[in-house]
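Generate a structure from the sequence data that follows.
(2 chains)
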There are 2 protein chains.
Amino acid sequence: MKVNSSKKIYQGRILNLRVDEITLDNGRRTTREVVEYRGAVAIVPIIEDKILFVRQFRYPVGEELIEIPAGKIEEGEHPDDTAYRELIEETGYRAAELKLLSRFYTAPGYSTEELYLFLAPKLEPSEMSPDFDEIIEPVEIPMDEVYRMLKNDEFHDAKTILGLLWFFNFVKND
Amino acid sequence: MKVNSSKKIYQGRILNLRVDEITLDNGRRTTREVVEYRGAVAIVPIIEDKILFVRQFRYPVGEELIEIPAGKIEEGEHPDDTAYRELIEETGYRAAELKLLSRFYTAPGYSTEELYLFLAPKLEPSEMSPDFDEIIEPVEIPMDEVYRMLKNDEFHDAKTILGLLWFFNFVKND
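Predicted coordinates for the structure are as follows:
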């Protein structure tokens, strides 16, 4: 594969867009539209027998979603630090410790985003401070209710479903 | 929430980009960068005691990934039909039946993409026909090896990890 040209279309606040013209190994020329999105973290936060979520309106999909806390990695920031920071900002809880569960690409067909999924098995109360343009409400849901909602397909966010399945499969049953 | 203006930045082959200026319910004005990406499907295809994957180089992340078969829904196409079509195109297998497992948003913070996840519990041989600009190799992996790889975090694509976890949690153990 060979990159013939790369054109910056947009440089924005949370993402950039570029379009590259490439030649594949089979000799065919084509284009690739690439959303440049910095890495992100998501956290499965446990409060005894409950899981802590955030409820927020997601503008791109026009729906209010229940998600696990998450956020973008700032430039030069270590993903662990992002996870500690975002958890406090969005929920008002501080993680006593963090455990990396998984690393994956969110949408590798068109986005560079890589997501680090953490478990926060123990939380301590702290103080919430959401970003100026976020309206976020923390929600605690008992674990057996979370499992029922998961099985009924009542969560609609990929990282949330992935994080919960990982937790019930590899953490809780261990 | 109120939309003050909406600006089309880019209209492309697989995605569009727009930037909206909005006023939040708390009165604050801000912008939202939205990647418009049509719905997609992904399929967990079972061949007896193996799971069928596709291996392909993913340009945006610069890596070769092992993923479950997936593809974009064409305009006016029913997601079931997309799943039948993409499975044949990418793997050369026809699904004897399809079962919808889950529907979710891939990256609701910046993308409109909604993904339909299907199970194909039984396959029949047919003929492969990948898109002109895709180089795709089907890969069959025994189920216990898939489970080991999953637990070791050896898959790196969100929909693939989610689909496998869903399968092992809610389908195989049922």
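
Give me the helices and strands touching the helix or strand of chain A at the bottom of the mean pLDDT ranking, please.
One helix or strand of chain A scores below all others by mean pLDDT, DSSP states H and E: strand A:123-125, with a mean of 93. Counting by 3 or more Cβ pairs under 8 Å, 6 or more residues apart in numbering or on different chains; DSSP states H and E, the packing neighbours recorded for strand A:123-125 are strand A:40-47, strand A:93-95. Placement of C-beta: from N, CA and C, glycine included.

What are the boundaries of the strands in chain A?
Ranges of strands within chain A are A:2-11, A:15-23, A:29-37, A:40-47, A:50-58, A:63-67, A:70-72, A:93-95, A:99-105, A:114-120, A:123-125, A:137-142, based on DSSP state E.

Please convert these to CSV, extending it with mean neighbour count.
Below are the strands of chain A laid out as CSV (neighbours: other Cβ atoms under 10 Å in any protein chain shown):
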stretch, mean neighbour count
strand A:2-11, 11
strand A:15-23, 17
strand A:29-37, 19
strand A:40-47, 24
strand A:50-58, 19
strand A:63-67, 17
strand A:70-72, 20
strand A:93-95, 21
strand A:99-105, 18
strand A:114-120, 24
strand A:123-125, 13
strand A:137-142, 14
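
Point out where chain A drops to low pLDDT.
A:174 (pLDDT under 70).

in it, what residue sits furthest out from the centroid?
Residue farthest from the centre of chain A, counting by Cα atoms, centre = their mean, is residue A:27 at 36.4 Å.

what's it sitting at in phi/psi?
In terms of degrees, to the nearest 10, the main-chain angles of residue A:27 are phi 90, psi -10.

Domain map for chain A?
Following automatic domain parsing, one gets these domains for chain A: A:2-36, A:41-102+A:116-171.

could the ones you listed go into TSV alongside distance to residue B:155?
As requested, the domains of chain A are arranged in TSV below (distance: least, Cβ to Cβ, whole Å):
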stretch	distance to residue B:155
domain A:2-36	21
domain A:41-102+A:116-171	9
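
Ok, which of those domains comes nearest residue B:31?
Each of the domains of chain A has some distance to residue B:31 by Cβ to Cβ; the shortest is domain A:2-36, at 6.4 Å.

Go ahead and measure how far the closest one is from the middle of the chain.
How far domain A:2-36 lies from its chain's middle: 24 Å, per Cα atoms, centre = their mean, to the nearest Å.
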